[in-house]
Structure formats: C-alpha cells, structure tokens
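Novice: Have a look at this fold, sequence not included:
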Ligand code: AMP
Ligand code: ZN
C-alpha cells in the first residue's frame, strides 16, 4: 500500500492529538497577529489547552466574518510574505479571498501529494487536470500536488471538450481530475464522436468540487472502466487536499495534522456525537498567512465512527460523502430535502443519462417539484409502455426517498444546460413574483 508520508499518515491517535494540541496553540498565538482575531481572542488563554477539543471555547469564524474583513483583515503576516491569493467560487455576496505564504503553498502541495498517492496514482502516471485554473483552487491545488509526486501533468483546464478528448488520446492520459458532472459530459461527447470511453488508457479519476452521489461515482467508474476517488476541499481551507478517499473508499480521510475537525448542529452550533450528521467546522493547524479558527464550512457530513480503523493503515479520521451545503437544503411542501437525495435515486436507473435538473415552482400557492431527466433514447426503441413504466418507477423511488411526489419530465440527452464548473441543478422560482 503506497504512502507519500507514511510516518505522519499512520501516526497513532495519541501522538496525532498531541501534535494537534501543539499546533492549535501555535495557531491561536499566530491568529492574534491579525486585526480580526486580536479582538476575538481577548478572553482565550491557549496555554491552558490540553486536548484538541479545548478549541471549543473559541467563537466560530463564518464566511460573513471573512467578507466583513475583506481584504487583509485576517492576515497574520506582512504583505511581502504573501505569494498567492485565491477566492471562493461563491456566487452570492462579496467574494471571500484567501492568502498564502510560500510555506503555505508547500504544505498544501504536500497534503495533495498524500491524497494522490493514497489512491494508487504515482509518478509514472499522465495526469490531465480537467478543472478550472485561476482564482478557483481546484486547478492549481491538484497541479502543485501532482508536480510534487512527479506526474506528467497536462494542465488542460476546463472546457473545449473535443480537445480534452484529443489530449487524452494523444498523450495516453491515465489519471484525470474533474467535476463529476463535467466528466460525465465528456463521456457523452466521446460516445457522440463514435469513441468508447473504456478504450482510453485512463485508470483513475479524482472527482470533487460539487456534491455527487455514490451512484454517480459508480456510473463514472462503469462508463470509463476506472477507479474514481472523491476529493473534498474548499478555498477557505486551501482547496483540494482537505479530505480524500483512499483505496478502501469507505469515507474520505481528513488530514488531522493540518485540520482539526468538529461536527456541529447547523442550527444550534452544539457539538454532535461521533457518527451524527451535521455541519463540518474546521480549524487550520498549519497555515501561516491566514489561519482560521472553527470555520463554519456550511458542508454537511458525518464522521465514520469505527475507531479510525481504516484497513489502509491511515489513522486520520474519515468523513462521509458531503450531502450538500446547509444552504442547499430545499423545503418543499414543508419537507426538508437535498438535491443529492434525488440524484442518488436517478442514477440507479440505467435508462437515465448524465444530466438532470430540479425545478421548484409555486402553482396555485402550492409547491410543485418537477425533475427533468435526460434519458438514453436507445433504451426504448419507441416502446411507450416501457417509458410510462419508467416514469412510474422513478416517481415512486423518489417519493420513497424524500416523501414528496415529484412530476417527472423526460428529455433527450443534451437538452439541459451544461456547466463547465460546478453544476447548477436546482431552479427555484418560488420566491419570484
Ligand atoms: P470552493 O471554495 O469554491 O472550492 O467551494 C468549496 C465547496 O464545494 C465546499 O464547501 C463544498 O460545498 C463543495 N465541495 C467541494 N468538494 C466537494 C465534494 N467532494 N463533494 C461535495 N461537495 C464538495
Ligand atoms: Zn484508508
């Protein structure tokens, strides 16, 4: 079983926690150098900390705090030590910006290198990084990690799908990184061009940046005949390299020497018991330019609570697939649901193609939920009874999952808009007049 940094990845829990306490104290001390935290930490005495969970006496940091202290309000180093700025892809409100020193970039790359090697990818692989470069962290984050590992990188970025396919073919790409929605679209284009996605040299895919279901992962694995690994991160916590799946694929290992994890009730902020689903709250433990204390990620997941016994040998905690962001939650006819629940059901049906959309409307003052689903027409040969049966089956399966009866609308592949970045799955017009 390959490791990038075996010592730290397999560190026994007591040593890992000891390291966390030390780094937490250093981080709190460092934070006092920033305008924002100097005030926040007035009543905190980190010298008394003996356990990582002593972090809980510190107030949360939120995205609004980052916005309110735009631009350098959380920075702890002189400006000349900053070598990079990134930004979150959030589309509402003011962008949140994150700064890095040279050492921050080095630490981030090390974490990403661990993730890459953990999946079985290695130096001899040809790595096509099919994700946005620039302010978004996905491109440069994986790029630097892959360079550390020594892979041959094709920094193809996102878009120009035919060229992506050409590059894969000409340079025998073996590993890719992409959003799950875009890589499914790439396979549609391959098929359209008369190519078989299985005939390429691909063997491993890294997918992340947006919620996706286990069914979607399996679908990508089947289409390309490869092994696909879930990658979790966010710009506020560097970007990719926060948590990633190992070859066991039973949750994503979150690097606890760099990130201190708590799971809280998103409404009350109260700590939840291990294994309960809630909002991830993360403290950075090795960041210089812009450390964050108890950052409310807005992402919902749970800790895989089996005593850190992953058979890969790593002791770092594992988290479940991300269900969505707290603010992705839809309330339909009074029922709380997440788009990922609907996706999970859809992707179980082989007739369903790679794209779907959820439409929420208010009809005669009642909520109405429509799921628009692209289908593979070749599955039907004009047999309308089969189509009707599929509609009934999908409606029932979704209703069983979310307790709301949807209306299903079938479409041909390619009918729905595609996004090259994060997919936009929900159109909610209920607030409009
Ligand atoms: P950004 O800061 O623009 O990179 O966006 C980060 C956000 O993307 C996270 O807070 C998550 O909501 C989402 N995200 C990233 N990776 C994943 C993943 N593997 N699964 C689900 N959501 C993800
Ligand atoms: Zn593992």
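Specialist: Arrived safely. In this text the structure is predicted, and so the values were computed from the model without any measurement. Numbers count the residues shown, from 1 in each chain. Ligands and ions are numbered 1, 2, ... in the order given.
Novice: Contact partners for whichever residue of the stretch 301-433 of the chain sits closest to ligand 1?
Specialist: Of all residues in the stretch 301-433 of the chain, the one sitting closest to ligand 1 is residue 322 (3.5 Å; Cβ to the nearest ligand atom). C-beta coordinates here come from the backbone N, C-alpha and C atoms, glycine included. Residues in contact with residue 322 (Cβ atoms under 8 Å, 6 or more residues apart in numbering) are 211, 232, 299-301.
Novice: Widest-spaced pair of those residues?
Specialist: The distance between the two most remote of the contacts of residue 322 (Cβ to Cβ) is 11.9 Å, for 232 and 300.
Novice: So which bits of the chain are right by ligand 1?
Specialist: Counting by Cβ under 6 Å from any ligand atom, the positions of the chain adjacent to ligand 1 are 88-89, 137, 208-211, 230-235, 239, 297, 299, 322, 325.
Novice: Using JSON lines, please lay out the contacts of residue 322 together with pLDDT, secondary structure and distance to ligand 2.
Specialist: Compiled in JSON lines, the contacts of residue 322 are given as follows (pLDDT from 0 to 100; DSSP: H, G, I helix; E, B strand; the rest coil; distance: Cβ to the ion, whole Å):
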{"residue": "211", "pLDDT": "90", "secondary structure": "coil", "distance to ligand 2": "22"}
{"residue": "232", "pLDDT": "98", "secondary structure": "strand", "distance to ligand 2": "14"}
{"residue": "299", "pLDDT": "96", "secondary structure": "strand", "distance to ligand 2": "20"}
{"residue": "300", "pLDDT": "96", "secondary structure": "strand", "distance to ligand 2": "22"}
{"residue": "301", "pLDDT": "97", "secondary structure": "strand", "distance to ligand 2": "16"}
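Novice: For the residue of the stretch 51-200 of the chain found nearest ligand 2, give me its contacts.
Specialist: Here the stretch 51-200 of the chain gets closest to ligand 2 at one residue, residue 118, 7.2 Å apart by Cβ to the ion. The contact partners of residue 118, taken as Cβ under 8 Å, 6+ apart, are 2-4, 9, 244-247, 253, 312, 314.
Novice: So which of the residues you listed belong to helices?
Specialist: residue 9 (DSSP state H).
Novice: Once you drop chain neighbours, what's closest to the residue nearest the centre of the chain?
Specialist: In the chain, the C-alpha nearest the mean C-alpha coordinate belongs to residue 232, at 3.5 Å (Cα atoms, centre = their mean). Nearest in space to residue 232, with sequence neighbours left out and distances taken as Cβ to Cβ, 6 or more residues apart in numbering, is residue 243 at 4.3 Å.
Novice: so where is the stretch 251-400 of the chain shaky, pLDDT-wise?
Specialist: Along the stretch 251-400 of the chain, segments meeting pLDDT under 70 span 308.
Novice: where do the strands sit along it?
Specialist: Listed in chain order, the strands of the stretch 251-400 of the chain (DSSP state E, counting those that start in this stretch) span 252-254, 259-264, 278-284, 295-301, 318-319, 324-325, 330-332, 335-337, 352-363, 366-375.
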